[in-house]
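Peer 1: From the sequence below, what's the structure:
(one chain, ligands or ions: 1)
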Amino acid sequence: MFDPRLLETVLLTTCAWVVWFAYRSFRPRPPLPPGPKGWPIIGNISQLPTLFTWLTWVDWSRQYGDIFHINLFGTPMIVISSPALVSELLDKRHNDYENRPKLTMASDLVGWNRITPLMPANKLWREHRRNMSQLFGTKAAVGKFYEIEVLQARKLMRRILEDPTEVKNHIQSWAGTMSMKIAYGYDVKGGQDPYLGIAHKVVSQFLHLNQPGAFMVDSLPWLQYIPAWFPGAAFQRTAKSYRDTLSNLIDTPFKMGSGTAKQSYTSDLLSADDYTQDREYALKTSAATIFVGGADTTAGQLHALLLMFMLYPEIRKKAQAEIDQVVGPERLPHFSDRDKLPYVEACLTEGFRLHTLSPTGGVRVATKDDVLGGYFIPKGAIIQPLTWLIAHDPEVFKDPLEFVPERYLVDDPPPHPREFTFGYGRRVCPGMILADASMWISATMFLALFDISPTKGSPTSFDQFPGGVLDGEPVW
Ligand code: HEM
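Peer 2: Next comes the predicted model:
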């Protein structure tokens, strides 16, 4: 039997839905954040320098405020320099901001979407994060690697002693060797180690893939469907060759690491109670990430810190005096001394702040339309925290371009760099506790053993590496 109340309900529901839909479609949208005027089609691309790009954003931020937008070939990029607004999006609304912008050449063609930083926020990425959090997520977990850390730091000191003119190379080989040891339990052979060679090749290929404008396919993704034999499709051959090198890094050291009983990321996860064969792919791709994400970053940060000790001899002497007093001349510092060395700690903290290793770290993409600070954030917009400015804001850090460890030794210190320099929200650097431990033990041993002073050609002031992360340019 027909019930008129049912018809009434259906009609009311339909009307309410139509009104709601019309309201959503036609309500006035808040404006996009302000920003510099660009050109038709290309937008602001031509105004962006390829080196020190973030310094241009800093200028624009001063002009347009702590949230502004630029246009990259039609894709809006929202640049945010207010810690509160960054945290609102990347910490509080993290579900809609877990993904990275898509890089067609690096991710789809070369396969960097197998390596954690470039992965979409999918099931495999969550498994990577779970693996890394299990092995490096707490101080106690990282403590398992202290023995490796101490041994590698001692080896670094010996190399510096033997040849003090090659500090930068020694640091790079220290970080690479330690990453291989931690990831696979593998002892790098001196000279031309084959596995380390593959790893370095992969990193230099990645830097090439990331050069702005290097591959047209990143701006015109449909080009990816052009076959390799087609005239002008050299990028497809480059992609194949880079893909093979990356696959080699993922497969080869893993095979070797999985057969060893030594303590490592690979052997620990393989021997975990909940390990099953179907987790192998996640394990080997995440192990490969440890070198890619951890070696050059830690090397760059240590290198920068030693540079600060060279440029600020009074601070170095103060840190050395503290180590002399607490550790004494009979032995080298150990992690167990850490709590008793507050000045050294402050130097490390200030080093992380002053040398913002990843000045533009934490990039994401918005997966739905949103509103922030009264401005519209369209779905697909690139979200770019301006980490460099957060770390060098003169309102928060007095004399922000100076190395001043004392700022962290007062009752009410400014924000600790771990709040920004390692990124944000669910994609925050999973290696931050490990990196911090590697930095501390090596810097402290270095201070206990060496003085550092400039030679001819050494820099006379501290500067950021032009590409942000250590990019192979000599700095001294
Ligand atoms: C001084 C040393 C380091 C610095 C300054 C650093 C900084 C960063 C930053 C800024 C991000 C981006 C986070 C975000 O998007 O919000 C990141 C991501 C990442 N880092 Fe580090 N990192 C360092 C060392 C390491 C080490 C030692 C490892 C590995 C053991 C590592 C592994 C990773 C991985 C896998 C990601 C990607 C996370 C994801 O996308 O889910 N990093 N790091």
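Peer 1: Might you list the low-confidence residue ranges for this structure?
Peer 2: Within the chain, the stretches with pLDDT under 70 are 1-2, 15, 18-27, 191, 212, 257-261, 463-476.
Peer 1: got a list of contacts for the host helix or strand of Lys240?
Peer 2: Per DSSP states H and E, Lys240 falls inside helix 234-258. For helix 234-258, contacts defined as Cβ atoms under 8 Å, 6 or more residues apart in numbering pick out 105, 109-112, 114-115, 180, 183-186, 195, 198-199, 201-202, 205, 209, 215-217, 223, 226-228, 230, 264, 266-267, 270, 283-285, 287-288, 291-292. Backbone N, C-alpha and C define where each C-beta goes, glycine included.
Peer 1: Repeat the analysis, applying 7 Å as the threshold.
Peer 2: Contact partners of helix 234-258, identified using Cβ atoms under 7 Å, 6 or more residues apart in numbering, comprise 105, 109-112, 114, 180, 183-186, 195, 198-199, 201-202, 205, 215, 217, 226-228, 264, 266-267, 270, 284-285, 287-288.
Peer 1: quick one: it near the ligand?
Peer 2: No: using Cβ under 6 Å from any ligand atom, helix 234-258 stays clear of the ligand, with a minimum separation of 13.8 Å.
Peer 1: The following helix or strand past that helix packs against which elements?
Peer 2: The helix or strand immediately downstream of helix 234-258 is helix 265-270, counting by DSSP H and E. Using 3 or more Cβ pairs under 7 Å, 6 or more residues apart in numbering; DSSP states H and E, the elements in contact with helix 265-270 are helix 123-136, helix 167-184, helix 234-258, helix 280-311.
Peer 1: now the last one against helix 167-184, angle please.
Peer 2: I take that to be helix 280-311. Per axes from the mean of the first three to the mean of the last three Cα atoms, to 10 degrees, the angle that helix 280-311 makes with helix 167-184 is 150 degrees.
Peer 1: Give me the buried stretch members for the very next helix or strand once past helix 280-311, please.
Peer 2: The helix or strand immediately downstream of helix 280-311 is helix 313-327, counting by DSSP H and E. Neighbour-count burial for helix 313-327 flags Ile315, Arg316, Lys318, Ala319, Gln320, Glu322, Ile323, Val327 (criterion: 16 or more other Cβ atoms under 10 Å).
Peer 1: roughly how far apart are the fourth one and Gln47?
Peer 2: What that stands for is Ala319. Applying Cβ to Cβ, to the nearest Å, the value for Ala319 to Gln47 is 42 Å.
Peer 1: and what of the third one?
Peer 2: Look at Lys318 and Gln47: by Cβ to Cβ, they are 44 Å apart.
Peer 1: part of a helix, is Asn71?
Peer 2: No: going by DSSP: H, G, I helix; E, B strand; the rest coil, the assignment for Asn71 is strand, not a helix.
Peer 1: Confirm for me that it is in contact with Ile42.
Peer 2: No: using Cβ atoms under 7 Å, Asn71 is not in contact with Ile42; the gap is 8.2 Å.
Peer 1: which of those two has more neighbours?
Peer 2: Between Asn71 and Ile42, counting by other Cβ atoms under 10 Å, Asn71 is the more crowded of the two (20 against 14).
Peer 1: List the contacts of the closest residue to the more buried one other than its chain neighbours.
Peer 2: Among residues not flanking Asn71 along the chain, Gly43 sits closest, at 2.9 Å (Cβ to Cβ, 6 or more residues apart in numbering). Contacts for Gly43 (Cβ under 7 Å, 6+ apart) come out as Ile70, Asn71, Leu72, Phe73, Gly74.
Peer 1: now those residues: which count as buried?
Peer 2: Taking 16+ other Cβ under 10 Å as the criterion, what is buried in those is Ile70, Asn71, Leu72.
Peer 1: wait, the first one sits on Asn44?
Peer 2: The one in question is Ile70. Yes: here Ile70 reaches Asn44: they are 4.2 Å apart, a contact under Cβ under 7 Å.
Peer 1: who touches both of these two?
Peer 2: Taking Cβ under 7 Å, 6+ apart as the contact rule, Ile70 and Asn44 both touch Pro36.
Peer 1: Compute the distance between Val410 and the ligand, please.
Peer 2: If you measure Val410 against the ligand using Cβ to the nearest ligand atom, to the nearest Å, the figure is 24 Å.
Peer 1: Can you get me a residue count around the residue nearest to Gln211 when sequence neighbours are not counted?
Peer 2: Of all residues not flanking Gln211 in the chain, Thr50 sits nearest, at 7.4 Å (Cβ to Cβ, 6+ apart). By other Cβ under 10 Å, the residues close to Thr50 number 10.
Peer 1: so Thr50, which of the three states?
Peer 2: At Thr50, secondary structure determined by three-state DSSP is coil.
Peer 1: List, one by one, the residues from the chain near the ligand.
Peer 2: Residues of the chain lying near the ligand (Cβ under 6 Å from any ligand atom): 116-117, 129, 136, 289-290, 293-294, 297-298, 301, 357-358, 361-362, 421-424, 427-431, 434-435.
Peer 1: Where do the strands of the chain begin and end?
Peer 2: Assigned by DSSP state E, the chain shows strands spanning 67-72, 75-80, 364-365, 370-372, 375-377, 382-385.
Peer 1: and Pro4, which of those is closest to it?
Peer 2: Closest to Pro4 of the strands of the chain, according to Cβ to Cβ: strand 370-372, at 41.9 Å.
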